[in-house]
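Visitor: Pasting the sequence and the predicted model now:
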Amino acid sequence: QVQLVESGGGLVQPGGSLRLSCAASGNIFKINAMGWYRQVPGKQRELVAEITSGANTNYTDSVKGRFTISRDNARNTVLLQMNSLKPEDTAVYYCNAVIKTVDYGFRYTTRDYWGQGTQVTVSS
């Protein structure tokens, strides 16, 4: 099956930087869009940034100019470089990928996959 494994969260002071990484593994035929979402307690999960298979990107307004999403298709990996971090960026960050898989019967399935989440805390 498919797994998304995240790394790179932690505690950082305001103005600092972190880089999140997410690697997909399993019986992957093709990865379409990949992205990062975040969630704070009591609020809905929100899109932070996404990148298509053609490398087109989209960011939520609050992170534009500070965060950069990129992907390494050879390694099935998506990265989120977060600079100039603010306390309001504190959240659990989740990796998401739309992945097409194929089974031994050559049946294709496309669906969303999620990572386990990684905590990002911005505080002095």
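Guide: Everything's here; your move.
Visitor: alpha carbons only for contacts and neighbour counts from here, please
Guide: Fine.
Visitor: where does the chain dip in pLDDT?
Guide: Applying pLDDT under 70 to the chain flags no residue at all.
Visitor: what helix or strand does the residue lying farthest from the centre of it sit in?
Guide: Most distant residue from the mean C-alpha position of the chain: G105, 30.4 Å away (C-alpha atoms, centre = their mean). For G105, there is no host helix or strand (DSSP states H and E).
Visitor: With L80 instead?
Guide: strand 77-82.
Visitor: Distance-wise, check S7 relative to K43.
Guide: S7 is 23 Å from K43, where distance means C-alpha to C-alpha, to the nearest Å.
Visitor: For these two, work out which one has more neighbours and name it.
Guide: Shown here are S7 and K43; by other C-alpha atoms under 10 Å, S7 has more neighbours (17 against 8).
Visitor: partner residues bridging that one?
Guide: S21 (DSSP bridges).
Visitor: Who are the contact partners of it?
Guide: Applying C-alpha atoms under 8 Å, 6 or more residues apart in numbering, one finds that S7 lies in contact with 20-22, 118.
Visitor: same check, this time on Y37
Guide: Counting by C-alpha under 8 Å, 6+ apart, Y37 makes contact with 45-49, 93-96.
Visitor: if you set the cut-off to 7 Å instead, what comes out?
Guide: For Y37, the contacting residues are 45-48, 93-95, by C-alpha atoms under 7 Å, 6 or more residues apart in numbering.
Visitor: repeat for K100
Guide: Each residue near K100 by C-alpha under 7 Å, 6+ apart is listed here: 28-31, 108-111.
Visitor: For K86, see how far away it is.
Guide: Plainly put, K100 is 35 Å away from K86 if you go by C-alpha to C-alpha.
Visitor: just I51 next, same as before
Guide: I51 sits 23 Å away from K86, going by C-alpha to C-alpha.
Visitor: buried set for whichever strand or helix holds N32?
Guide: Take DSSP H and E as the rule and N32 turns out to sit in strand 28-39. By 16 or more other C-alpha atoms under 10 Å, the buried positions in strand 28-39 come out as 28, 31-39.
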